[in-house]
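Chemist: any chance you could fold what I've pasted below:
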Amino acid sequence: MSSHSTNAQFLTFSLESDARAFVTTRWTLVQRAKSESQEGRRALEELCSAYYQPVVTFFQCALRNPDAGRDAAHDFFSKMLAGNAIDNADRERGRFRSYLLGSAKHFLANRHEAGSRLKRGGDVQHIPINSTDSGVVNVIPDMSVLTPEEAYDRQWALTVVARAVEALRRECDSEGRGDFFEQVKPWLTGDGDHGNQVELAQQLGMNSNALKVAVHRLKRRFRHLLKEEIAGTLDDPGLVETEMCALFVALGG
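Modeler: This next block holds a predicted model:
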């Protein structure tokens with residue numbers, strides 16, 4: 001099974017509205033506070049750290065060079081976090097995904113005009129970016145198939161999914177169900193078949209119906225965590241369903 005179909009199947013649940021209201025999101029906080037408060041800056045740093053890899057993927061595809069793309073991404077984030085770049089964010093767009101991609105394109109255009117290769121860190125404050133803490137699957141861009149924008153969207157979608165999966169794993173660990181989560185994860189990601197599920201139910205000392213109920217509940221909880229993750233990147237929580245559809249498209253589902 002391809003990674004496209006696997007990730008698309010991972011999200012084969014309905015998009016009905018969640019009754020639980022979302023709290024103030026990180027992106028909304030950034031938009032309100034901008035660079036005027038430490039709280040807003042911390043929120044921006046968190047978002048940049050979380051969504052570091054999509055920008056790396058964009059630069060790698062646009063520059064057609066993995067190493068140059070990663071160097072450019074480090075310089076981009078250092079400049080972004082050290083200055084007041086967020087002040088130029090367009091509130092009408094409302095999506096951190098769109099804002100980040102637009103900023104990366106603008107950075108690349110300026111870089112091209114300058115005609116010089118930017119070194120990692122440069123003369124700006126170095127901001128450490130951690131991109132491997134949430135189990136994100138990094139895509140090696142296929143430059144003959146994907147445009148830089150498509151590669152960015154694909155990696156963004158994978159990052160959102162991975163962060164929601166990691167949140168669910170942490171919840172299960174805290175409840176003493178970490179082993180159970182790892183065993184049933186294939187049916188969350190679309191990698192398991194019915195026969196294997198019956199066998200697993202026997203191994204766990206459960207009947208098939210009980211296991212199906214447990215998996216269904218995990219899928220429902222995952223759906224909620226995924227929506228929360230998406231809402232954290234939006235200025236308007238009402239855009240969650242639209243972003244969910246965009247995520248499906250990016251994953252090829």
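
Chemist: for residue 225, what are its contacts?
Modeler: Residue 225 makes contacts with 164, 167, 168, 171, as judged by Cβ atoms under 8 Å, 6 or more residues apart in numbering. C-beta here means a position set from N, CA and C on the backbone, and glycine is covered the same way.

Chemist: what do you get if the cut-off is 10 Å, keeping everything else the same?
Modeler: By Cβ atoms under 10 Å, 6 or more residues apart in numbering, the residues touching residue 225 are 163, 164, 165, 166, 167, 168, 170, 171.

Chemist: so the first one makes contact with residue 157?
Modeler: Right, the one you point to is residue 163. No - contact criterion Cβ atoms under 10 Å: residue 163 and residue 157 do not qualify, at 11.0 Å.

Chemist: of the two, which one has the most company?
Modeler: Shown here are residue 163 and residue 157; by other Cβ atoms under 10 Å, residue 157 has more neighbours (25 against 22).

Chemist: where do the helices of the stretch 151-253 of the chain begin and end?
Modeler: Per DSSP state H, counting those that start in this stretch, the stretch 151-253 of the chain carries helices over the ranges 178-188, 194-203, 208-231, 240-250.

Chemist: what angle separates the shortest one from helix 178-188?
Modeler: It stands for helix 194-203. Angle of helix 194-203 versus helix 178-188, following axes from the mean of the first three to the mean of the last three Cα atoms, to 10 degrees, is 160 degrees.

Chemist: what's helix 194-203 packed up against?
Modeler: helix 178-188, helix 208-231 (3 or more Cβ pairs under 10 Å, 6 or more residues apart in numbering; DSSP states H and E).

Chemist: rerun that using 6 Å as the cut-off
Modeler: Here helix 194-203 touches helix 208-231, going by 3 or more Cβ pairs under 6 Å, 6 or more residues apart in numbering; DSSP states H and E.

Chemist: could you list the low-pLDDT ranges of the stretch 1-150 of the chain?
Modeler: 1-24, 35, 83-93, 113-144 (pLDDT under 70).

Chemist: switch the cut-off to 80
Modeler: 1-24, 32-36, 83-93, 112-145 (pLDDT under 80).

Chemist: picking that back up, would JSON lines of the contacts of residue 225 with pLDDT be doable?
Modeler: Output for the contacts of residue 225, formatted as JSON lines (pLDDT from 0 to 100):
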{"residue": "163", "pLDDT": "93"}
{"residue": "164", "pLDDT": "93"}
{"residue": "165", "pLDDT": "91"}
{"residue": "166", "pLDDT": "94"}
{"residue": "167", "pLDDT": "95"}
{"residue": "168", "pLDDT": "96"}
{"residue": "170", "pLDDT": "96"}
{"residue": "171", "pLDDT": "96"}
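
Chemist: just the buried ones from those?
Modeler: The neighbour-count test (16 or more other Cβ atoms under 10 Å) marks 163, 164, 165, 166, 167, 168, 171 as buried among the contacts of residue 225.

Chemist: so who does the fifth one touch?
Modeler: This points to residue 167. The neighbours of residue 167, taking Cβ atoms under 6 Å, 6 or more residues apart in numbering as the test, are residue 225.

Chemist: same thing but at 10 Å, please
Modeler: For residue 167, the contact set (Cβ under 10 Å, 6+ apart) comprises 134, 221, 222, 224, 225, 226, 228, 229.

Chemist: surely residue 171 meets residue 181?
Modeler: Yes - counting by Cβ under 10 Å, residue 171 touches residue 181, with 8.5 Å between them.

Chemist: intersection of neighbour lists for those two?
Modeler: Counting by Cβ under 10 Å, 6+ apart, the shared contacts of residue 171 and residue 181 are residue 218.

Chemist: would you map the strands across the protein?
Modeler: For the chain, applying DSSP state E gives no strands.

Chemist: count the neighbours of residue 104 for me.
Modeler: When counting by other Cβ under 10 Å, one arrives at 24 neighbours for residue 104.

Chemist: and the gap between it and residue 188?
Modeler: As judged by Cβ to Cβ, to the nearest Å, residue 104 and residue 188 stand 31 Å apart.
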